[in-house]
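Engineer: Sequence first, predicted coordinates after that:
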Amino acid sequence: MIDSTASEAAPIRTVLADDHAIVRSGIRSELGDRFEVVGEADDAEGAIDVINARQPDLVISDLHMPRGGGLAVVQACAPICPIVILTVSEAERDLLDAVAAGAAGYLLKNSPIDDVRTALLAAAAGEPVFSPSLAALVLGEFRRMAKSTDANPLTDRERQVLQLVA
């Protein structure tokens, strides 16, 4: 795990993807010294290009953006680095789709900034992160799927993420 108090540690190279410049500016200013923003994008295709070019340690992406949205970013770039969805959507389907696509986390924009910063540090260290109010949705889906009579529909990675959340 990354020590958030270690001032000598290299900053976490971060890409911000959100279609609102004011949101990207606010996130950048609130991240603190542990993060270095190395690229920004205002749509999914731009985010994918920046991620491929910059090879960041972490991506913070909005879910609903032009040209594919956060899911397209996750699907294209999750193997490169952890991607945390930072969104206003509390919809269960959005959360589950993001997890299934390979997102390292799903945080709500109305979360306290200290909680977001702590979660982003954890995500950069490889831990799955979720807003507490949404963790119950993930667990509920896991329980529902575990009770189904079908063969296990989850991938190994989905099971791993759900177990870590639990």
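Structural biologist: Sure thing, it's come through.

Engineer: Poorly predicted segments of this structure, please.
Structural biologist: Applying pLDDT under 70 to the chain picks out residues 1-8, 138, 141-142, 145-146, 148-155, 158-159, 161-166.

Engineer: in it, which spans are strands?
Structural biologist: Under the criterion DSSP state E, the chain contains strands at 12-17, 35-41, 58-61, 83-87, 105-108, 129-130.

Engineer: How about the contacts made by the nearest residue to residue 102 once chain neighbours are set aside?
Structural biologist: Among residues not flanking residue 102 along the chain, residue 78 sits closest, at 3.4 Å (C-beta to C-beta, 6 or more residues apart in numbering). (Each C-beta comes from the backbone N, C-alpha and C, glycine too.) Neighbour list for residue 78: 101-104 [criterion: C-beta atoms under 8 Å, 6 or more residues apart in numbering].

Engineer: residue nearest the centroid of this protein?
Structural biologist: For the chain, the residue nearest the mean C-alpha position is residue 84 (0.9 Å; C-alpha atoms, centre = their mean).

Engineer: hey, what's it bridged with?
Structural biologist: Counting by DSSP bridges, residue 84 is bridged to residue 60, residue 105.

Engineer: ok, how many other residues are close to residue 128?
Structural biologist: Residue 128 has 22 neighbouring residues, counting by other C-beta atoms under 10 Å.

Engineer: roughly how far apart are it and residue 147?
Structural biologist: Distance of residue 128 to residue 147, computed by C-beta to C-beta, to the nearest Å: 22 Å.

Engineer: tell me the phi and psi of residue 62?
Structural biologist: Backbone torsions of residue 62, given as degrees, to the nearest 10, read phi -70, psi 150.

Engineer: burial count for it?
Structural biologist: By other C-beta under 10 Å, neighbour count at residue 62 equals 27.

Engineer: For it, give its distance to residue 33.
Structural biologist: Residue 62 is 24 Å from residue 33, by C-beta to C-beta.
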